[in-house]
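A.B. asks: Following is a predicted model, sequence given first.
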Amino acid sequence: MNSHFIKYLGLLPLYVLLQVLVLNEVLFSAYINPFLYVMLIISLPLKTPKWFLLIYAFLLGFSVDISSGSLGFHSTATILTAFIKPIISKITIPHNILGDTDEITLQKVGYKSYITFSIFLILIHNSCLFITEHLSFNFALFGKILASSVATLIIILITQLFQRDK
C-alpha cells in the first residue's frame, strides 16, 4: 500500500497543473468544465485507509483551489467525494474482482461498473462544487452540472483507455 501512497502523491502535482493550466482554460461553450483530477480519487484502491483518502482528497482540492484562486470549493467537493466513495463502491463494484491493493480501473472492474461508479462520484463532486460556488440551484445550474459531468466522464474514460494495466 505504501507504493500507492507515493505514486498518488507524485501524480497530484501533475493532475493539478493539467487541471489549472489546460482544462480550466478550455471552457466548452463557456459552460462546460471537465475535472480530470477527480480520477485520482476514483482510482485509489478500495482498501485505502480512510485517513489517507480524506487527507489526499483535501490536498488535491486545496491544490486546485490555491492554483485557480477559488475559496475552498474544490476542497469541499473532493472531501465529500472521498467520504462517499466507499458507500458508492459497495453499491456499484463487485468486490470479488478486486484485490485489496488493486486500483479501480476500467480494465479491472469492467465498463459497466466503472462507468456507473465514476458517474456517481463525478455527479456528487460537480453538484457540491457548483452549488457551493453559486449558492443556489436552478435549471441552468442543473444543466451545467450534467454537462460538466458528462465531459469529465468522457475525459476520464479516454485517459483510462490510454493507461496500461500492470
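C.D. replies: Okay, I see it. Just so you know, these numbers come straight off a predicted model, no measurement behind them. Numbering: from 1, shown residues only.
A.B. asks: burial measure for Leu18, as a count.
C.D. replies: 13 (other CB atoms under 10 Å). (Each C-beta comes from the backbone N, C-alpha and C, glycine too.)
A.B. asks: One more: Ser43?
C.D. replies: Ser43, neighbours per other CB under 10 Å, totals 21.
A.B. asks: going forward can the numbers begin at 631, since that is how I track them
C.D. replies: New numbering, starting at 631: the last item is Ser673.
A.B. asks: who's in contact with it?
C.D. replies: Listed by CB atoms under 8 Å, 6 or more residues apart in numbering, the contact set of Ser673 reads Glu733, Ile734, Thr735.
A.B. asks: So Leu751 is in contact with Ile672, correct?
C.D. replies: Yes. Under the criterion of CB atoms under 8 Å, Leu751 makes contact with Ile672 at 5.6 Å.
A.B. asks: nearest residue to Tyr686 other than its sequence neighbours?
C.D. replies: Tyr638 (6.4 Å; CB to CB, 6 or more residues apart in numbering).
A.B. asks: which secondary structure elements does the helix or strand where that neighbour lies contact?
C.D. replies: Secondary structure from DSSP states H and E places Tyr638 in helix 632-648. Other elements packing on helix 632-648 under the criterion 3 or more CB pairs under 8 Å, 6 or more residues apart in numbering; DSSP states H and E are helix 668-673, helix 680-698.
A.B. asks: Which among these is found nearest to Ile717?
C.D. replies: helix 680-698 (11.9 Å; CB to CB).
A.B. asks: tell me which residues in the closest one are buried?
C.D. replies: 682-684, 686-695, 697 (16 or more other CB atoms under 10 Å).
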